[in-house]
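Prediction below, plus the sequence it came from.
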Amino acid sequence: MRKVFIKTHGCQMNEYDSEKMLDLLSEKEEFESTNNPEEADLLVLNTCSIREKAQEKVFHQIGRWKKLKDKNPNIKIAIGGCVASQEGKKITQRAPAVDIVFGPQTLHRLPKMYSDAAQNLSRQLDVSFPKIEKFDHLPQSKTDEVTAFVSVAEGCNKYCSFCVVPHTRGHEVSRPVEDILNEIDSLASRGVREVNLLGQNVNNFKGTYKNEKKSLAFLIEKTSQITGIDRIRFTTSHPYEFKEDLVELYKFVPELVSHVHLPVQSGSNRILKLMRRRYTSSFYLDLIARIRESRPNISFSSDFIVGFPGETDKDFQDTMDIVDEVGFDESFSFIYSPRPNTPASEMEDNVSIEIKKERLSILQHKLNELSSKISRKMVGTIENCLVIGVSKKNPGELQARTENNRVVNFPSHKDVVGNFENIKIVDQLTNSLRGELERF
């Protein structure tokens, strides 16, 4: 069998796409996965364009792979994902070693593109946006994991001033509810116990069901009725689209985890307006309060951008204030960097890199402090955790996840993988928790 090495940058949507690439290549071209790029017949880079210098990281990787291709000219190099969508044929113009360029919406065409490239027909390029056509061509998952991502919507129509996603993944489209439920049912039959519903703007899901458009709340409720699925997550949410039916769902669907990732980006109303986020800090805080009313013990994580063009000390303090008020669990924070073809890239970036770094350090210190405080409070509690596999740090231990997405490592026998177990949290580490099975 031929071998493929897939390297993935970026978000959970890209992780899902990479899994589907492997399924497709396995079924259509009899590929098997390898963790060693030196023995691969096909090298695939699934790219992300969100962060600074994304394009340069891609070309640096191509340069490393070109050395392998110089030794073996039969190796094919494929570049997919958002940078591929954004740069298109510029990639092959700058890096002739690349044989295939495809976008997030054309990954289902990768096997045919590889076949044509292998026959040296020509370089293959397809970064078009055929909506959700790809889902009609994806084979059933062959996963043996107990958790799985399921893409329910693609693209975004929000056009936040800093974000390149609408340009790289296209306009927002939702999959039919029946198709999604069929995929989840198939995953459950393979032993999946937890699903994470994915979309760039997932809570604006509008999939059809019996010729009617349905909401994410409807999809989650239907998913909760599938035998074997005992835990449901969704990401990424936009606060503006977090509708009341979804808030209410937390009252009566226990499979929906007590954790929400809800990016706020900034606590300053002035900056939020410049970002085109469509809400204010008071709107965001009211939403948090309503979700907590439905599920009192729920935890929240978020995303933050520091040093947006024009951000003042007062604007940054507004962000720190909202962090204090919400008490976020684990969150992600980044220094603003201009992305191609976005309105923010045309704004005067008048915040110095020194100030950006200082503010990021202050924010991250606070976020880490809050996360550590939550972990400390968990010590001594008994958490119902999904055992997901062998510990990455110690092969003699197992690894599980709590509802608020904390990793717990604990000694046990492998026969509990895939089970929900009551685990007593006995210690807090920097990036994980230590636990003991209650029944032992």
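Perfect, I can see it now.

show me where the stretch 101-250 of the chain has helices.
110-118, 165-169, 177-189, 216-224, 244-249 (DSSP state H, counting those that start in this stretch).

Quickly, which of the ones you listed bottoms out on average pLDDT?
When these are ranked by mean pLDDT, helix 165-169 comes last with a mean of 87.

Does it pack against any helices or strands, and if so which?
Helices and strands touching helix 165-169, as assessed by 3 or more C-beta pairs under 8 Å, 6 or more residues apart in numbering; DSSP states H and E, comprise helix 81-87. C-beta: built from backbone N, CA, C; applies to glycine.

now what about the helix it packs on, what contacts it?
Contact with helix 81-87 is made by 9-10, 14, 17, 45-50, 54-55, 58, 91, 101-104, 127, 164-165, 167-169, 340-341, as judged by C-beta atoms under 8 Å, 6 or more residues apart in numbering.

before we move on, back to that, to Asp286, which of the helices of the stretch 101-250 of the chain lies closest?
Nearest of the helices of the stretch 101-250 of the chain to Asp286, taken as C-beta to C-beta: helix 244-249 at 10.7 Å.

Show me what the helix or strand following that closest one pairs with in its sheet, parallel or antiparallel.
Remark: after helix 244-249, the chain's next helix or strand is strand 259-261, criterion DSSP states H and E. Sheet neighbours of strand 259-261, with direction, are listed as strand 299-301 (parallel) (DSSP bridges).

Tell me the helix or strand right after the partner strand.
strand 303-306.

State the mean pLDDT of that following strand.
97.

Just the residues contacting it, thanks.
Contacts for strand 303-306 (C-beta under 8 Å, 6+ apart): 162, 236, 261, 263-266, 275, 316, 319, 323, 331-336, 356, 359-360, 363, 367.

Buried residues in that strand, which are they?
Using 16 or more other C-beta atoms under 10 Å as the test for burial, strand 303-306 gives Phe304, Ile305, Val306.

Isn't Glu145 up against Gly389?
Yes. Contact between Glu145 and Gly389 holds when scored by C-beta atoms under 8 Å: they sit 7.5 Å apart.

okay, those two: which has more neighbours?
Glu145 (18 against 15; other C-beta atoms under 10 Å).

For that one, give me the pLDDT.
93.

and the contacts of strand 303-306, which of them are in helices?
Within those, residues falling in helices by DSSP state H are Met275, Phe316, Thr319, Val323, Lys356, Arg359, Leu360, Leu363, Leu367.

Turn the residues you listed into CSV, including neighbour count and pLDDT.
Below are the ones in helices among the contacts of strand 303-306 laid out as CSV (neighbours: other C-beta atoms under 10 Å; pLDDT from 0 to 100):
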residue, neighbour count, pLDDT
Met275, 21, 98
Phe316, 25, 98
Thr319, 26, 98
Val323, 21, 98
Lys356, 20, 97
Arg359, 23, 98
Leu360, 19, 97
Leu363, 19, 98
Leu367, 20, 96
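
possible to save these as JSON lines with distance to Leu219?
Compiled in JSON lines, the ones in helices among the contacts of strand 303-306 are given as follows (distance: C-beta to C-beta, whole Å):
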{"residue": "Met275", "distance to Leu219": "28"}
{"residue": "Phe316", "distance to Leu219": "37"}
{"residue": "Thr319", "distance to Leu219": "32"}
{"residue": "Val323", "distance to Leu219": "31"}
{"residue": "Lys356", "distance to Leu219": "39"}
{"residue": "Arg359", "distance to Leu219": "38"}
{"residue": "Leu360", "distance to Leu219": "36"}
{"residue": "Leu363", "distance to Leu219": "34"}
{"residue": "Leu367", "distance to Leu219": "31"}
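
Would you mind writing the CA trace of the worst-scoring helix or strand of the chain on mean pLDDT as PDB?
One helix or strand of the chain scores below all others by mean pLDDT, DSSP states H and E: helix 165-169, with a mean of 87. C-alpha atoms of helix 165-169 as PDB (Å, rounded to 0.1, in the frame of the first residue of the first chain):
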ATOM      1  CA  VAL A 165     -12.400  32.800   7.300                       C
ATOM      2  CA  PRO A 166     -15.200  34.000   5.000                       C
ATOM      3  CA  HIS A 167     -12.600  34.400   2.300                       C
ATOM      4  CA  THR A 168     -10.900  31.000   2.800                       C
ATOM      5  CA  ARG A 169     -13.900  28.800   3.700                       C
END
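
who are the neighbours in contact with Phe125?
Not quite, residue 125 is Leu, not Phe. Gly88, Lys89, Thr92, Ile100, Val101, Phe102.

List the contacts of the closest residue to Arg295 other than its chain neighbours.
Nearest residue to Arg295 in three dimensions, chain neighbours excluded: Tyr250, at 3.8 Å (C-beta to C-beta, 6 or more residues apart in numbering). By C-beta under 8 Å, 6+ apart, the contact set of Tyr250 is Leu256, Ser258, Ile291, Ser294, Arg295, Ile298.

Using PyMOL, define a selection of the buried residues within these.
Here is the PyMOL selection string for the buried members of the contacts of Tyr250, based on 16+ other C-beta under 10 Å:
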select buried, resi 256+291+295+298
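
Can I get the contacts of Tyr250 in CSV including pLDDT and distance to Trp65?
Formatted as CSV, the contacts of Tyr250 follow (pLDDT from 0 to 100; distance: C-beta to C-beta, whole Å):
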residue, pLDDT, distance to Trp65
Leu256, 97, 42
Ser258, 95, 43
Ile291, 98, 45
Ser294, 97, 49
Arg295, 97, 47
Ile298, 95, 44
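
Among the contacts of Tyr250, which one lies nearest to Cys156?
Ile291 (22.0 Å).

my read: that closest one touches Val247, true?
Yes. Under the criterion of C-beta under 8 Å, Ile291 makes contact with Val247 at 5.6 Å.

any common contacting residues for those two?
What both Ile291 and Val247 touch, as defined by C-beta under 8 Å, 6+ apart, is an empty set.

Give me the below-cutoff pLDDT ranges for this structure.
Low-confidence segments of the chain (pLDDT under 70): 439-440.

before we move on, the earlier item: format the helices of the stretch 101-250 of the chain as a markdown table; extra columns: mean neighbour count.
Formatted as a markdown table, the helices of the stretch 101-250 of the chain follow (neighbours: other C-beta atoms under 10 Å):
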| stretch | mean neighbour count |
| --- | --- |
| helix 110-118 | 19 |
| helix 165-169 | 22 |
| helix 177-189 | 18 |
| helix 216-224 | 21 |
| helix 244-249 | 17 |
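
Turn the ones you listed into JSON lines, including distance to Ile374.
Formatted as JSON lines, the helices of the stretch 101-250 of the chain follow (distance: least, C-beta to C-beta, whole Å):
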{"stretch": "helix 110-118", "distance to Ile374": "41"}
{"stretch": "helix 165-169", "distance to Ile374": "30"}
{"stretch": "helix 177-189", "distance to Ile374": "30"}
{"stretch": "helix 216-224", "distance to Ile374": "25"}
{"stretch": "helix 244-249", "distance to Ile374": "22"}
